[in-house]
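*Asks:* Here is my input; please provide its structure:
(2 chains)
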Amino acid sequence: MGQLAFVVNQDNCIGCHACEMACKQQWQTELNWRKVRHFEGGEYPKPVRLFLSLSCHHCQEPACAQACPTKRYLKRDPEWIRRQSWIKERDGKFYVVITPTREEEIPGHLIMSDGKLLEDGLVIYNDVIFGNGGRGDYRNHRCIQCGLCEKECPYHVPRRNPEPPDEYSPRWEKCMGCYPLVQQGVPPACAHTCMGLALEMKPLETLKGLTSEVPGFRYEDTKPSVRFIPVKSPLPTNIVETPNL
Amino acid sequence: MLVHVVGGRVEGVIPNDENPIGVCNVSQDYGRERGRGAKLCPKGNASVASLYDPDRVPAPLRRIGPRGSGRWEAISWEVAIKEVAGRLREIKERYGPESLFWCSEDASFINIQKDFCELYGSPNFSMHSNICDVSRKLGYKLVMGHDRPLGDLQNSKYIMLFGWNPLAATKWAHLPAIINRARELGAKLVVIDPVFTHTAAKADEWVPIRPGTDGVLALAMAHVIVKEGLFDKDFARDWTTGFEEFSRFIKGYSPKWAEKVTSVPRETIGRLAMELASTRPFVVDAWSGPGHHSNATQATKAIALLPVLLGQIDRPGTLLFPERKGPKRRGLKLERPLPPRVDGLGTKYPFGHGSGIYCEARDAMLTGKPYQLHAGVFVFQNFVMAVPNTTKNVEALKRLDFIVTVDTLLSETAELADIVIPGSHFFERYELIANWTTWPTLALRQPVVGSHVKGMPEYEFVMALGRELGLKDKEGKGFEVSHEEYMDAELRAGIGIGLEELKGLPGAVWKSGQTRYEKHLEEVKVPEGAIIDEKAGIVRNKEGKTIGIKLGEKIVRGFDTPSKKIEFFSKELKEKAFEPLPRYEEPEDRPTKKYPLYLVAWKQAEHTHGRTLNNAWLIDLKPNNPLWVNTETGKRLGLAEGEEVWMESPHGKARVKVHLTEGIHPEVVGLHHGYGHWALGKLAKGKGVNDGLFMPGKAERLSGEGITKEVGVKIYK
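*Replies:* Next comes the predicted model:
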């Protein structure tokens, strides 16, 4: 299957924010991991309004993972994992080398299935444990709150939760591609609920014909795994982002 | 939806694939599409935030300060029941039972509330529909004999919407999916609306129009279709009445004249008419845009006649006549007939909807005519904010001696109440939802968590109140049964299965049969003793009820109008001294020199009316409802983006935040309805502006619907 990617059908997106709310209730988060952005342009009587639903792009070269000094982020990609000097494989188990004297085992279920490394390419935390069959109740213990992940991500996807519910909750949070669901063959919460049929998660290799740039989104060096079906009509040049009005 | 509960706490929801309301509205599509999963709107997804809203009414409350003071004391359920029953008994003895006004939202335990009012002796049970869509209902009912036609949008090739915003006002979660599926298959979407709504933003063509003139545009298109001889001649001959009168009448509505009234260029009108005439199948539909004006019923009739002219009704891909089944109310044998209603339904409004006329009831509170109301019960209805003309609403409610509200939050209406009963969240109660699909389906909503307050859901409260008052009919029927038993009986009478069987169905959803088309052609069995009116071809049963119409040698069902045909000309209306043809009348409260701009309001997917504004997740998506002003108009008035200015109508004024946009007609300003609370909860309070403040507060003269989008305003610094 390989790398999974979000497909955002901008022609179908109705800007309703159901995806954003579905994500929020699925993981009971303080922050909205997915955000719908609004754009306007054109001239009366032919104006244009666009919506753009984005979360983490599960980049092929995730900058967050490179930037994190405590190595909290991990990409579920065997090739990527083997490339990281800070990940050690021993006896079929994987360890994060945090300092030369400190190693931590990566919980097997995060990256392995049937003894094989998962290869969906989702960028997840490796220090978070999910309870309740993959819902809520996440715990983390290594985040030192430096904010480098947010700073280094060209899209500034990981964001600081100013009021985490308890000391174990993630301080810097982002979308994990609903991997506990996706692993069971269920679509991520955002795509599952999408009223406009505008959001899907599909193998990147099946999306070759689709564009990777639309107004408000640039394809960066980190190689984001998101593709777009743009609106059908030609766009005016005066498109600007607006609040939700 | 399915609810994930862990240790008694709701942790999340997922769509219920068994319920077509999240999938599509035609059974034949449902079989195919359900595999792709049902959908949920943002409100459904955010509903857990309302469940655990810290501002929820914590217990039955008694007001201890003056009205509006916000000073309350908690009382027990026993005391609440005794006190409310005591006051209602006293008011009934002193002023008569008709002095009770009762209003409710329209999906929850309606029959129990109706029973209560009737057994108490009040004719004044009312509900939400009359500030929602009853002009649409009446318009379609008069023309086609069905008050809830639904567009088979998914299978349509051309969708023309007059003042309907289904991609944002997502009344049913399937709407965006069925429209987008049609768009993906190449259907053209045309949206006629003064506002560049989110639906217009997805349309192939946005046709900005002056508010309240949709009927004229439809008539001008009909003018073109008739003039060019493009109408369906066989259908007009066999299945309509009054076509001759209509053809003569329509001559006066030329595109040239319509351009002046609507501001839509005559070329556009002519082209749209030709596009309709040359596309099959198509859906033309109208909702709250034309529906919330003083000429709404006739405008809806005009729009409803467009598909009739082209024979595009009740066929795949057109406007369908749904078959509907749901819980059936038990009959009561009352001791004495109910007195006339206070709101003129059945008298001043012979064509009014059974949900009553809120605007008239409100005016009766103020004038004491036709009689004075003394008590008011408001169940999940924030009357103050929902009914047009907020100032009048507050004054009116203050005239009542005794007010009870049932709601989850301390709304503006609850602020004026004497007793507040904590309402349940929909995760805490039973409900039967007869879906808006084109074949009969019924969904059970059942409590998945206990009530947040120790006590009872509101239906138990009303039944307990009935028992306390000793309400019974002639046969001793009252509220002795449990709520489950009551529902069970309603279900058995309505769909033939009981509550336990419904619970046991997959997803707790009952579905029956298939979507059927062209039902007017179905043969009917003629019972013994039936009488055939040879001249009109109408067949009546022994009791005089029309049961069919002669078509050649066959007796077929026809349409549910008095003539059994589609009615271009309504004899019913004429008999009651109303205009029988869909004649355009200028909106009563158009802009004036002093108040030169039209003000309209709309709904968006983020909120359910004004009820969800205290939901932390939803209000965070959009914490304000700025006033949309066309960029050119803004320039003329010297307005800047984000600036705060005064907006004033003859009925109210408030500070509003300006959003300059290309997406609104230059003569119109507008905002997202539901904001501007001064109560309801900490998060809702003080955010944005309430459009109801500016409205005259009249009712549509035929349907009785509250007119919520018709007023002139001025804007100044």
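*Asks:* Could I get the contacting residues of the residue in the stretch 101-250 of chain B that chain A sits nearest to?
*Replies:* For the stretch 101-250 of chain B, the residue closest to chain A is B:Ala201, as judged by CB to the nearest CB, at 3.9 Å. The way it works is simple: take the backbone N, C-alpha and C, and place the C-beta from them, glycine included. Listed by CB atoms under 8 Å, 6 or more residues apart in numbering or on different chains, the contact partners of B:Ala201 are A:Gly15, A:Pro47, A:Val48, A:Arg49, A:Leu50, B:Gly663.
*Asks:* What about the residue with the largest distance to the centre of chain A? Give its phi and psi, please.
*Replies:* Farthest-out residue of chain A from its mean C-alpha position, per CA atoms, centre = their mean: A:Pro45, at 37.4 Å. A:Pro45 adopts backbone torsions of phi -90, psi 20, taken as degrees, to the nearest 10.
*Asks:* Next: the one 3 residues further on.
*Replies:* Comment: the main-chain dihedrals of A:Val48 come out as phi -130, psi 140, following degrees, to the nearest 10.
*Asks:* Just grab the bridge partners of it for me.
*Replies:* A:Gly41 (DSSP bridges).
*Asks:* and the residue in the stretch 401-550 of chain B that chain A sits nearest to, how many neighbours?
*Replies:* With CB to the nearest CB as the measure, B:Phe427 is the residue of the stretch 401-550 of chain B nearest to chain A, at 12.3 Å. Using other CB atoms under 10 Å in any protein chain shown, B:Phe427 has 22 neighbouring residues.
*Asks:* Tell me who's in contact with the closest residue to B:His483 other than its chain neighbours.
*Replies:* In space, and not counting its chain neighbours, B:His483 is closest to B:Tyr459: 5.3 Å by CB to CB, 6 or more residues apart in numbering or on different chains. Listed by CB under 8 Å, 6+ apart, the contact partners of B:Tyr459 are B:Ser108, B:Phe109, B:Ile112, B:Arg429, B:Tyr430, B:His483.
*Asks:* Is it possible to mark the buried ones in those?
*Replies:* By neighbour count, with 16 or more other CB atoms under 10 Å in any protein chain shown, the contacts of B:Tyr459 hold B:Ser108, B:Phe109, B:Ile112, B:Arg429, B:Tyr430, B:His483 as buried.
*Asks:* returning to that earlier point: next, find the distance separating the residue nearest to B:His483 from B:Glu428.
*Replies:* To B:Glu428, B:Tyr459 is 11 Å away according to CB to CB, to the nearest Å.
*Asks:* residue contacts, the one residue sitting closest to the centre of chain B?
*Replies:* By CA atoms, centre = their mean, the mean C-alpha position of chain B lies nearest to B:Cys132, the distance being 3.0 Å. Going by CB under 8 Å, 6+ apart, B:Cys132 touches B:Asp106, B:Ser288, B:Glu705.
*Asks:* want to throw those residues into a markdown table with neighbour count?
*Replies:* Formatted as a markdown table, the contacts of B:Cys132 follow (neighbours: other CB atoms under 10 Å in any protein chain shown):
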| residue | neighbour count |
| --- | --- |
| B:Asp106 | 15 |
| B:Ser288 | 25 |
| B:Glu705 | 33 |
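*Asks:* Among these, name the ones in helices.
*Replies:* B:Ser288 (DSSP state H).
*Asks:* hmm, back to that, B:Leu416: which of the buried ones among the contacts of B:Tyr459 is nearest?
*Replies:* B:Ser108 (22.0 Å; CB to CB).
*Asks:* Tell me, how many residues neighbour the residue nearest to the closest one when sequence neighbours are not counted?
*Replies:* Leaving aside its chain neighbours, B:Ser108 sits nearest to B:Glu431 (5.3 Å; criterion: CB to CB, 6+ apart). Counted with other CB under 10 Å, residues neighbouring B:Glu431 total 18.
*Asks:* was I right about B:Glu431 contacting B:Glu105?
*Replies:* No: using CB atoms under 8 Å, B:Glu431 is not in contact with B:Glu105, being 10.6 Å away.
*Asks:* Which helix or strand contains B:Gly548?
*Replies:* If you go by DSSP states H and E, B:Gly548 is part of strand B:546-551.
*Asks:* who touches B:Trp102 in this structure?
*Replies:* Here B:Trp102 is in contact with B:Gln113, B:Phe116, B:Cys117, B:Ser122, B:Asn124, B:Phe125, B:Ser126, B:Gly376, B:Val377, B:Val379 (criterion: CB under 8 Å, 6+ apart).
*Asks:* and the helix or strand harbouring B:Arg136, what does it pack onto?
*Replies:* For B:Arg136, the enclosing helix or strand under DSSP H and E is helix B:134-144. Counting contacts by 3 or more CB pairs under 8 Å, 6 or more residues apart in numbering or on different chains; DSSP states H and E, helix B:134-144 is packed against helix B:288-291, helix B:296-309, strand B:566-567.
*Asks:* got the buried residues for it?
*Replies:* B:Val134, B:Ser135, B:Arg136, B:Lys137, B:Leu138, B:Gly139, B:Tyr140, B:Lys141, B:Leu142, B:Val143, B:Met144.
*Asks:* can you tell me the distance between the two ends of stretch A:172-184?
*Replies:* 26 Å (CA to CA, to the nearest Å).
*Asks:* starting at the chain centroid, how far to it?
*Replies:* Chain-centre distance of stretch A:172-184: 8 Å, with CA atoms, centre = their mean, to the nearest Å.
*Asks:* Kindly report the same for stretch B:238-251.
*Replies:* Offset of stretch B:238-251 from its chain centre (CA atoms, centre = their mean): 30 Å.
*Asks:* and the contacts of B:Ala201, which two are the farthest apart?
*Replies:* A:Gly15 and A:Pro47 (14.1 Å).
*Asks:* More neighbours: which of those two?
*Replies:* More neighbours surround A:Gly15 than the other of A:Gly15 and A:Pro47, with 25 against 21 (other CB under 10 Å).
*Asks:* Now the more buried one: which helix or strand?
*Replies:* In the assignment (DSSP H and E), A:Gly15 maps to no helix and no strand.
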